[in-house]
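Visitor: using only what follows, build the 3D model:
(2 chains)
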There are 2 protein chains.
Amino acid sequence: MNQQTRYGIVGSGALGGYYGAKLAHVGCDVHFLMRSDLETVRRDGLTVRSKDGDFHLDQVNAHASPEEMGPCDVVLIGLKTTSNAALPALIPPLLGPETALVTLQNGLGNEELLASHFGARRVMGGLCFVCLNRIAPGVIGHFGHGTLSLGEFKGPPADRTMHLVTDFQRAGIEAKAVQSLITERWRKLVWNIPFNGLGIAAAANVEQVLNDKHLHAAARELMAEVIDAAGRMGYAIRLDFIDFQIERSWPMGAYRSSSQIDYEAGREVEVEAIWGEPLRQGRAAGAITPQLELLYALLKRLAGKR
Amino acid sequence: MNQQTRYGIVGSGALGGYYGAKLAHVGCDVHFLMRSDLETVRRDGLTVRSKDGDFHLDQVNAHASPEEMGPCDVVLIGLKTTSNAALPALIPPLLGPETALVTLQNGLGNEELLASHFGARRVMGGLCFVCLNRIAPGVIGHFGHGTLSLGEFKGPPADRTMHLVTDFQRAGIEAKAVQSLITERWRKLVWNIPFNGLGIAAAANVEQVLNDKHLHAAARELMAEVIDAAGRMGYAIRLDFIDFQIERSWPMGAYRSSSQIDYEAGREVEVEAIWGEPLRQGRAAGAITPQLELLYALLKRLAGKR
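Guide: Prediction:
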């Protein structure tokens, strides 16, 4: 991977659009698979309105189908996980012999899904800590953060991991390689499972959870359950990570998670990736997760009944 | 207690009004403490529209204050538990040397509250299995059931228990005495805690809970937690009571609990009596109740934020 790396973006919503645009803006060869925004972007280009400075791409390689896009060296997957059923059909035309598939999606199970269809060797992943939304067709808003933790599905960082990190860094993204991608996914879930979940089920933002004695206790208990599940899966997380996560949450104030925002706006919620898959994996490994079970049951019902 | 027993009704909403009217209808000496319905009932009397046949009381002893009502032999307490803070001021004018205080209220903690103020010796309780609502001032609707399980707060049924049962039976109520009132309260909670709670938190009626694999599992798990808590408090309930409760729930169909109806109508929910007090009592006795803790936290927040 270098300046000539051919990047494909699958799921060119806010997430894929943002990271792809950042790479394209510094001259990388980036190809976007688009549907609803296709005509607008072909005509007007792609705009990012960012807290780090706005920019506009006049010429964008926007494709209507994976066949039109063709093989890429790196495919960045930004699809919402609730659309994962589309991946087995979207990916094959993008594959060359060495194509890396990098899921930037939320939660657990995405690497496994890609591995089951295309082989574990191709699979990488990234954890995005970023606040984005789609303002209009072809216009992406970037409101905060933006760091990216990249890793191999199986094993420590490889040459391709470091090349990807370097490309993102050149594009102005705070990117780093992580030793154990799936451990990092569990660490992120330690926060997302309680705060995104209680956000929906209790209609409470971060400071409302923290300031409510009983919700606060439930958030800590849920964190302990997730850490137990991760540990039984072989991803050790120390219990004092709970205090660390609570402490880093206070400055967030009235922050609402993306799941809560999606739910309250009537959009799909990634219930399986964030709650269902960790629950199933943990339970299969012998974890005791009663609060996660109840929370998952409530969220599945609440998000599913609309 | 006999035909000359002087009954006082505190909390003359649908519950107190219905049981008081049934007693008055067969000639018992019943006195109602009333507030919002006082003038209407003094002028027009009290009407019960019942699946068992409508009836009307032309002359009703409706009182504006406990002082005006004066000492009674039996005080039936039908207040919503969310108004329990009013009891210490309402009860004293009603007390004679032998006055029995009979709480017909939901959940746990009501007998203990009365005992702490007025002595355990006076305290009795009743579990009402009945569907009622207040149709209009002075008009009560009775839609289903009506059985009453009466018992002593401390100890087995006494003479006064049997007299009360007899008076209710004469009034056409299916009443019986129970050996252990608080065991019966816990047995009722085995159903109310999951079904009233999930009804609110998941916006699901009885058959929706039963038909949802994950909510159904959560309902059973919550029942097991409640049985564990009851057992540690000394009120033994067999675990096969769970299957029994699930089986008897199927015929209820789309039934919504009174708590769910109250919540969805924007009225107060008896969160402390039904969830908070059992949780606290069970935890103090060493019970492990993680799902009840999460459910309580959610309900307290959901019911409290309106």
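
Visitor: excluding chain neighbours, what is closest to the residue of the stretch 101-250 of chain A found nearest chain B?
Guide: Nearest to chain B, among the residues of the stretch 101-250 of chain A, is A:His214, at 3.6 Å (C-beta to the nearest C-beta). C-betas here are computed from N, CA, C, even on glycine. The shortest distance from A:His214 to any non-neighbouring residue, by C-beta to C-beta, 6 or more residues apart in numbering or on different chains, is to B:Ala297 (3.6 Å).

Visitor: so that neighbour, which of the three states?
Guide: Under DSSP: H, G, I helix; E, B strand; the rest coil, B:Ala297 falls in the helix class.

Visitor: now do the contacts for it.
Guide: B:Ala297 is in contact with A:202, A:212, A:214-215, A:217-218, counting by C-beta atoms under 8 Å, 6 or more residues apart in numbering or on different chains.

Visitor: switch the cut-off to 10 Å
Guide: Each residue near B:Ala297 by C-beta atoms under 10 Å, 6 or more residues apart in numbering or on different chains is listed here: A:198, A:201-202, A:204, A:209, A:212-219, A:221, A:291, B:275, B:279.

Visitor: how many neighbours does A:Thr5 have?
Guide: Counted with other C-beta atoms under 10 Å in any protein chain shown, the neighbours of A:Thr5 add up to 18.

Visitor: pretty sure it contacts A:Ala24?
Guide: No: the criterion here is C-beta atoms under 10 Å, and A:Thr5 misses it with A:Ala24 at 11.9 Å.

Visitor: who in the stretch 201-306 of chain A is up against chain B?
Guide: By the rule C-beta under 10 Å from any C-beta of the partner chain, the part of the stretch 201-306 of chain A lying against chain B is A:201-204, A:208-209, A:212-219, A:221-222, A:224-225, A:276, A:279, A:288-302, A:304-305.

Visitor: quick one: which of those residues sit in helices?
Guide: In helices, defined here by DSSP state H, the members of those are A:201, A:208-209, A:213-219, A:221-222, A:224-225, A:279, A:290-302, A:304.

Visitor: on that earlier part again, quick check: ChimeraX command selecting the buried ones in the contacts of B:Ala297.
Guide: If you want just the buried ones from those in ChimeraX, going by 16 or more other C-beta atoms under 10 Å in any protein chain shown, the selection is:
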select /A:198,201,202,204,209,212,214,215,216,218,219,221,291 /B:275,279
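
Visitor: and the one helix or strand A:Gly125 maps to, which strands flank it?
Guide: According to DSSP states H and E, A:Gly125 maps onto strand A:123-136. Strands that pair with strand A:123-136, judged by DSSP bridges, come out as strand A:95-103 (parallel), strand A:139-152 (antiparallel).

Visitor: same question for that strand: list its buried residues.
Guide: Buried residues in strand A:123-136, counted by 16+ other C-beta under 10 Å: A:123-128, A:130-132, A:134.

Visitor: and if you look at stretch A:42-61?
Guide: A:42, A:44, A:46-48, A:50, A:57, A:60-61.

Visitor: residues contacting A:Leu38?
Guide: Applying C-beta under 10 Å, 6+ apart, the residues near A:Leu38 are A:12, A:32, A:60, A:62-64, A:137-138.

Visitor: pipe those residues into JSON lines and attach distance to A:Gly119, pLDDT and secondary structure per row.
Guide: JSON lines is the format used below for those (distance: C-beta to C-beta, whole Å; pLDDT from 0 to 100; DSSP: H, G, I helix; E, B strand; the rest coil):
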{"residue": "A:Ser12", "distance to A:Gly119": "25", "pLDDT": "80", "secondary structure": "coil"}
{"residue": "A:Phe32", "distance to A:Gly119": "25", "pLDDT": "97", "secondary structure": "strand"}
{"residue": "A:Val60", "distance to A:Gly119": "30", "pLDDT": "97", "secondary structure": "coil"}
{"residue": "A:Ala62", "distance to A:Gly119": "29", "pLDDT": "97", "secondary structure": "strand"}
{"residue": "A:His63", "distance to A:Gly119": "24", "pLDDT": "97", "secondary structure": "strand"}
{"residue": "A:Ala64", "distance to A:Gly119": "27", "pLDDT": "96", "secondary structure": "coil"}
{"residue": "A:Pro137", "distance to A:Gly119": "35", "pLDDT": "94", "secondary structure": "coil"}
{"residue": "A:Gly138", "distance to A:Gly119": "34", "pLDDT": "95", "secondary structure": "coil"}
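
Visitor: turn the residues you listed into JSON lines, columns for distance to B:Val75.
Guide: As requested, these are exported to JSON lines (distance: C-beta to C-beta, whole Å):
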{"residue": "A:Ser12", "distance to B:Val75": "70"}
{"residue": "A:Phe32", "distance to B:Val75": "75"}
{"residue": "A:Val60", "distance to B:Val75": "78"}
{"residue": "A:Ala62", "distance to B:Val75": "77"}
{"residue": "A:His63", "distance to B:Val75": "79"}
{"residue": "A:Ala64", "distance to B:Val75": "78"}
{"residue": "A:Pro137", "distance to B:Val75": "69"}
{"residue": "A:Gly138", "distance to B:Val75": "72"}
